[in-house]
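Engineer: Generate a structure from the sequence data that follows.
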Amino acid sequence: MNSVPVKVIPANDVVGALLALGEALEGKCCVYISPREVNGVKAEVTGIPESVVDTALIVESSGSTGTPKRIHLGKEALIASAKATEKYFGFTGQWVLALPINYIAGAMVLVRSLLADTQPVVMNTSVGFTPEAFALSSSLLTGEHKFVSVVPTQLVRIKQLAETDEFLLMLLKRYDAILVGGQAVSADVLNFFSFHDVKVISTYGMAETSGGCVYNGEALDGVEIKLVDGRVAITGAMLANDVADDSGYLVSNDMGEFVGDRLTILGRSDRVLISGGLKIGLDQVEAVAGSVPGVVEVAATALDSVEWGQRVGIVYVGSPEVADYVAGAVFEQLGIAAKPIRVIRVDRLPRLENGKTDLITLKQLFDEED
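Structural biologist: Below is the predicted model of the structure:
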């Protein structure tokens with residue numbers, strides 16, 4: 001196999017990334033999208049090879065629970081992922097780019113746009129996301145079919161404005177799909193959009209699978225899913241290089257179960273704590289806490305306990321008056337072992353650049369309270 005050069009493109013150079021990815025999909029180069037330039041100064045990048053074999057895109061995992069790792073994706077994997085999305089909907093379309101392109105969800109918006117020969121509407125992801133800016137970008141879409149990928153935090157903010165802004169709600173209804181992934185979404189948020197006939201698709205995937213490979217619990221075309229000791233195992237043409245085991249499956253750290261023929265994600269294996277001998281899923285805790293009126297955003301973590309081994313700690317954004325209701329709702333629905341021993345209200349949750357909760361900083365908030 002012939003090696004190809006690696007092009008390093010900063011995340012705020014979307015046009016440069018589009019051009020480079022176009023070459024990568026033709027097998028002419030590999031692209032690594034670095035963190036964005038700040039005041040014209042490029043981010044310091046180390047460990048990127050000058051050339052690679054069988055790789056079109058090098059992308060970093062989110063690193064929400066530790067040091068990020070670099071994933072090597074071949075052009076066949078990227079194309080297979082984009083084509084599977086196209087087959088799921090039955091058509092291609094125009095995308096709003098609302099996520100940083102140095103993470104897989106943002107990069108795949110560019111890949112899908114290139115393969116569909118459409119021009120994405122680009123939001124400025126170097127500044128904080130606002131639903132008003134999203135509404136403006138949505139109004140600029142001209143394609144017959146319209147798509148966007150967001151993370152749950154963005155979807156929550158969109159919902160907050162859509163509750164009172166009829167223009168934004170009208171724009172949302174024009175989308176063929178709003179893909180949301182990265183973390184679980186509260187039932188309250190999903191129910192709002194469903195009630196207003198806005199098509200929100202919950203996705204599951206990771207950098208190692210070229211992004212989302214399961215939509216609303218259904219594996220995309222060419223994707224096979226099984227459970228290995230309760231963990232989700234995935235195989236298909238969209239897998240990154242050297243991530244599968246001897247059987248051809250990538251065994252993830254995510255716990256899942258099948259309800260009928262649809263996959264339900266229970267949470268990461270490292271997001272399941274043992275409290276008083278009982279297993280408690282922190283994603284389940286967040287779903288219950290997030291359904292409490294007055295809670296805008298929520299995140300849960302495990303806290304050490306001499307008596308129980310581990311207990312739940314909750315951080316939320318919302319009304320100061322509802323902290324006790326949050327604890328009560330979790331206790332009522334999930335039992336005494338899940339009842340949080342600490343509930344902290346903050347103005348905003350700690351986030352990584354890609355919008356996911358920064359779990360390390362989250363846990364440190366409880367140390368600061370001691």
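Engineer: Would you mind measuring from the residue most central in space within the chain to Pro340?
Structural biologist: Residue closest to the average C-alpha location in the chain (C-alpha atoms, centre = their mean): Gly182, at 2.1 Å. Gly182 sits 23 Å away from Pro340, going by C-beta to C-beta, to the nearest Å. All C-beta spots, glycine's among them, are computed from the backbone N, C-alpha and C.
Engineer: before we move on, what about Leu239?
Structural biologist: Separation of Leu239 from Pro340 (C-beta to C-beta): 38 Å.
Engineer: More neighbours: the two, which one.
Structural biologist: Neighbour comparison, Leu239 and Pro340: the larger count goes to Leu239, with 24 against 21 (by other C-beta atoms under 10 Å).
Engineer: Let me see the contact set for the more buried one.
Structural biologist: Ala77, Glu208, Thr209, Ser210, Leu250 (C-beta atoms under 8 Å, 6 or more residues apart in numbering).
Engineer: With Ile158 instead?
Structural biologist: Applying C-beta under 8 Å, 6+ apart to Ile158 gives the contacts Pro131, Phe134, Val150, Leu168, Leu172.
Engineer: what does Ser305 give?
Structural biologist: Ser305 touches Ser275, Arg311, Ile341, counting by C-beta under 8 Å, 6+ apart.
Engineer: ok, how many other residues are close to the last one?
Structural biologist: Burial of Ile341 is recorded as 14 neighbouring residues (other C-beta under 10 Å).
Engineer: Touching, it and Leu303? I think so.
Structural biologist: Yes - with contact defined as C-beta atoms under 8 Å, Ile341 reaches Leu303; the gap is 6.6 Å.
Engineer: Give me the common contacts of the two.
Structural biologist: Here Ile341 and Leu303 have Arg311, Val312, Gly313 as joint contacts, going by C-beta under 8 Å, 6+ apart.
Engineer: and which of these is nearest to Ser186?
Structural biologist: Set against Ser186, the nearest of these by C-beta to C-beta is Val312 (16.6 Å).
Engineer: Would you agree the closest one falls within a strand?
Structural biologist: Yes - counting by DSSP: H, G, I helix; E, B strand; the rest coil, Val312 falls inside a strand.
Engineer: before we move on, back to that, compare the contacts of Leu239 and tell me which has the most neighbours.
Structural biologist: Going by other C-beta under 10 Å, Ser210 tops the contacts of Leu239 with 31 neighbours.
Engineer: How much space separates the nearest residue to it once chain neighbours are set aside from Pro350?
Structural biologist: Of all residues not flanking Ser210 in the chain, Ser81 sits nearest, at 3.6 Å (C-beta to C-beta, 6 or more residues apart in numbering). Separation of Ser81 from Pro350 (C-beta to C-beta): 30 Å.
Engineer: neighbour count winner among those two?
Structural biologist: Using other C-beta under 10 Å, the more surrounded residue of Ser81 and Pro350 is Ser81, with 28 against 16.
Engineer: quick one: average pLDDT of the helix or strand containing that one?
Structural biologist: Element membership for Ser81 (DSSP states H and E) is helix 75-89. Summarised as a single mean, pLDDT over helix 75-89 is 98.
Engineer: what ranges of the stretch 1-150 of the chain fall below the confidence cut-off?
Structural biologist: Counting by pLDDT under 70, the stretch 1-150 of the chain shows low-confidence ranges at 1, 62-67.
Engineer: Can you list the residue ranges for strands in it?
Structural biologist: Assigned by DSSP state E, counting those that start in this stretch, the stretch 1-150 of the chain shows strands spanning 4-10, 30-34, 51-52, 57-60, 70-73, 94-97, 121-122, 146-150.
Engineer: This completes my enquiry, with thanks.
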